[in-house]
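Student: generate a structure from the sequence data that follows.
(one chain, ligands or ions: 1)
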Amino acid sequence: MEYYSARAALQWQVELGADEALGDVPINRYELPDTAPGKPARPVPVAAMAGAQAAPPPEPDKVDPVADARRMAQAAGDLDGLRAAMAAFEHCELKRGARNLVFADGQPGARLMVIGEAPGREEDREGRPFVGRAGQLLDRMLDAIGMARGAESAANSVYITNVMPWRPPQNREPTPEEIAMMVPFMQRHVELAAPDVLILVGNISCDAAIGKRGITRLRGQWAEAYGRPAMPMFHPAYLLRQPQMKREAWADLLEVQARLREMT
Ligand code: URA
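Tutor: Modelled structure (predicted):
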């Protein structure tokens, strides 16, 4: 089996809850290993445990994933091209465990763009961002300031995307390397969607867009991302767990509404 397929198959087993690998031949773990004292016993290679011929691991990747992402993102002349470039990007491990590329939803050209963190289970299944419970809350929040992803006119429509287009296994936090390699795509996404104002929900979006974390401190304060005003806000998934924080979110939404009005 080829290295990446074997690794994806193993990761899938782990997601299903497998925490033990059984070999074809029993191992008596009470037997003293025939190694020198202090030298750890040789681990059984995963490929051997699966009964396969151990393939040598591939040469370490010589390509810089961030540089590759930058090159591919810059070459995209429109949103369809950007989606295709992301679909062709092979450096992010998350892609191998995800069902779908979750690109965006709503109206390109909308005045408001929301950047979330990463798809969850429902989003992965449907291939659209923010369709689960957190997404439903986000829609209600946007509706409260007269904005919607399904709106006809650009003036009150919203375009929604995530930093990560693939669902991390078990919704784990994306690693700094995974975030860094998707930033060039996100930047190009903002340029091509060309909103007037950005909303960054949660720490990962703030990290990716403005290089800062600490949403409790950042929220409610205008920042700038890619030459556009950006409002950091609590993530709707956090608001579902901490509904008393909706008051702050409401204040931030009113700020966004006021900024949009100022800019007309
Ligand atoms: N949380 C996010 O940040 N994005 C989604 O698309 C869904 C949940």
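Student: the ligand contacts on the stretch 101-250 of the chain?
Tutor: Residues of the stretch 101-250 of the chain found near the ligand (CB under 6 Å from any ligand atom) are 116-120, 123, 129-130, 132, 134-135, 162, 237. For the C-beta atoms, the positions are set from N, CA and C on the backbone; glycine is no exception.
Student: in helices, which of those residues fall?
Tutor: Of the positions in those, 123, 134-135, 237 sit in helices, assigned by DSSP state H.
Student: the residue of the stretch 1-150 of the chain found nearest the ligand: neighbour count?
Tutor: Relative to the ligand, the nearest point of the stretch 1-150 of the chain is residue 116 (3.0 Å; CB to the nearest ligand atom). Using other CB atoms under 10 Å, residue 116 has 27 neighbouring residues.
Student: circling back to that earlier point, JSON lines for the ones in helices among the residues of the stretch 101-250 of the chain next to the ligand, including neighbour count and pLDDT?
Tutor: Formatted as JSON lines, these follow (neighbours: other CB atoms under 10 Å; pLDDT from 0 to 100):
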{"residue": "123", "neighbour count": "26", "pLDDT": "98"}
{"residue": "134", "neighbour count": "22", "pLDDT": "98"}
{"residue": "135", "neighbour count": "23", "pLDDT": "98"}
{"residue": "237", "neighbour count": "21", "pLDDT": "98"}
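Student: what ranges in the protein fall below the confidence cut-off?
Tutor: Applying pLDDT under 70 to the chain flags residues 2, 24, 27-30, 32-61.
Student: tell me the domain ranges of it?
Tutor: 3-49, 65-262 (automatic domain parsing).
Student: before we move on, the earlier item: tell me the one of the residues of the stretch 101-250 of the chain next to the ligand nearest residue 86?
Tutor: residue 162 (11.3 Å; CB to CB).
Student: bridge partners for the closest one, pull those for me.
Tutor: Taking DSSP bridges as the rule, residue 162 bridges to residue 116.
Student: my guess is it meets residue 105, correct?
Tutor: No: Residue 162 is beyond contact range of residue 105, at 10.1 Å (criterion: CB atoms under 8 Å).
Student: shared neighbours of those two, which are they?
Tutor: residue 129 (CB atoms under 8 Å, 6 or more residues apart in numbering).
Student: and these two? which has more neighbours close in?
Tutor: Per other CB under 10 Å, whichever of residue 162 and residue 105 has more neighbours is residue 162, with 29 against 20.
Student: burial-wise, tell me which of the domains of the chain comes out on top.
Tutor: Here the criterion is mean neighbour count by mean count of other CB atoms under 10 Å, and of the domains of the chain the winner is domain 65-262, at a mean of 19.
Student: how far does that one sit from the chain's center?
Tutor: 9 Å (CA atoms, centre = their mean, to the nearest Å).
Student: ends of it, what's the gap?
Tutor: End-to-end distance of domain 65-262 (CA to CA, to the nearest Å): 40 Å.
Student: same check, this time on stretch 148-160
Tutor: Calculated as CA to CA, the first-to-last residue distance of stretch 148-160 is 10 Å.
Student: same thing with stretch 117-125?
Tutor: 16 Å.
Student: same thing with stretch 83-98?
Tutor: 16 Å.
Student: can that stretch be found next to the ligand?
Tutor: No: taking CB under 6 Å from any ligand atom as the criterion, stretch 83-98 and the ligand are apart, separated by no less than 12.1 Å.
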